[in-house]
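Let's see this in three dimensions:
(one chain, ligands or ions: 1)
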Amino acid sequence: MIEIDGLSKRFGAVDAVRDLTFAVPAGRVTGFLGPNGAGKTTTLRALLGLVRPTAGAALIDGEPYQRLRQPRRVVGAVLEATAAHPGRRARDHLRVLAGPSGAGPRRVEEVLDLVGLREAAGRRVGGFSLGMRQRLGLAGALLGDPRVLVLDEPANGLDPEGMAWLRGLLRDLAGEGRTILVSSHVLSEVAQSADHVVIVASGRLRYAGPLDGLGAGSVVLARTGQAERLRDLLAGHGGEASLEAGAVRVRGMSAEQVGEVAAREGIVLSALSEEGASLEAAFLDLTKDVAAAQPAGAR
Ligand SMILES: Nc1ncnc2c1ncn2[C@@H]1O[C@H](COP(=O)(O)OP(=O)(O)OP(=O)(O)O)[C@@H](O)[C@H]1O
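Residues are numbered from 1 along each chain as shown. Next comes the predicted model:
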């Protein structure tokens with residue numbers, strides 16, 4: 001179980017993460033999503049004790065990373081796929097890593113099998129493709145057989161077959177009751193394996209919950225000369241309504257319900273439409289103000 005509790009991190013003038021709170025449940029794959037610069041890597045680094053929070057805490061099984069007794073058995077992480085020495089052979093790289101995690105040579109062979117690198121185990125890492133380095137990083141993270149897995153953009157460099165393999169592996173690992181947090185800036189990448197998502201933008205939380213709750217509820221657009229009045233009425237009926245160029249945009253109500261409220265109140269509608277919100281559209285909607293809000297060169 002991972003808990004991010006009121007986490008903030010400031011780098012000079014940049015608020016990389018602002019008062020972020022969410023939990024990552026065990027037994028599921030959780031996608032950690034947000035556009036570039038949203039604060040995902042900073043959050044993951046705080047979770048692994050690599051960044052000191054300005055405020056708040058990032059906890060694994062109730063403890064900050066520094067206080068875990070056997071950290072490599074509790075959490076496995078891949079933050080950068082290129083961390084291995086290029087001159088070292090894949091198997092040797094894992095054997096060196098295995099030392100501190102207490103894993104023996106047999107475990108090294110097991111993780112090589114798990115990530116599909118057995119054939120390439122005797123080759124130097126410098127000649128590996130990005131996808132192979134991702135697999136090697138994952139093998140290293142799995143050495144200690146950790147209950148919690150934290151992966152930063154693990155799909156980078158994987159071909160479609162590699163992505164399908166990764167999805168299967170993550171699902172299997174979650175099925176064993178592990179806590180799996182996977183970051184990505186592309187929703188479609190995690191949508192097929194994650195059942196839970198956390199979305200951040202500009203360092204702030206935008207959504208945390210089940211993936212199917214994200215696209216749930218389509219958006220209704222009602223065009224009328226009395227947009228402000230309709231908006232206020234709909235808000236009174238539990239709809240989340242906002243004005244948009246002579247129209248009211250509504251979440252949380254069907255087109256039929258919006259039409260009924262308008263008819264009852266004698267408001268004439270010139271158009272009424274309902275857009276089924278796709279996951280991608282919901283994601284873009286939740287993060288849309290970011291590009292405009294972020295000064296050029298902030299990254
Ligand atoms: N060590 C640092 N020093 C200064 N600023 C930093 C540092 N690390 C991150 N930042 C800034 O904090 C913000 C959040 O960065 P972060 O890398 O956490 O985002 P991200 O969501 O992981 O983005 P990406 O998907 O591009 O990796 C960015 O504006 C970034 O420039």
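
Show the residue spans covered by the helices in the stretch 51-200 of the chain.
Taking DSSP state H, counting those that start in this stretch, the helices of the stretch 51-200 of the chain run over residues 71-74, 90-101, 105-114, 130-142, 160-175, 187-191.

Send me the shortest one as CSV with only the CA atoms.
Output for helix 71-74, consisting of C-alpha atoms alone and laid out as CSV, is shown next (Å, rounded to 0.1, in the frame of the first residue of the first chain):
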residue,chain,number,x,y,z
PRO,A,71,13.6,-1.8,1.5
ARG,A,72,14.5,-4.0,-1.5
ARG,A,73,12.2,-6.7,-0.3
VAL,A,74,9.4,-4.2,0.2
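
and that helix, what does it pack onto?
The contact analysis (3 or more CB pairs under 8 Å, 6 or more residues apart in numbering; DSSP states H and E) places helix 71-74 against helix 90-101. Yep, even glycine has a C-beta here, placed from its N, CA and C like the rest.

Now do the helix it packs on: everything it contacts.
Residues outside helix 90-101 that contact it (CB atoms under 8 Å, 6 or more residues apart in numbering) are 72-73, 84-85, 88, 104-105, 107-108, 111-112, 117, 120-123, 125, 128, 136, 139-140, 143-144.

Which positions in the stretch 51-200 of the chain make contact with the ligand?
Within the stretch 51-200 of the chain, the positions near the ligand by CB under 6 Å from any ligand atom are His185.

residue contacts, the closest residue to the ligand within the stretch 51-200 of the chain?
Across the stretch 51-200 of the chain, the shortest distance to the ligand (CB to the nearest ligand atom) belongs to His185, at 4.6 Å. By CB under 8 Å, 6+ apart, the contact list for His185 reads 33-36, 38, 40, 153.

just to revisit the earlier point, tell me the most buried of the helices of the stretch 51-200 of the chain?
helix 130-142 (a mean of 23; mean count of other CB atoms under 10 Å).

now for that one, which elements pack on it?
strand 75-78, helix 90-101, helix 105-114, strand 148-152, helix 160-175.
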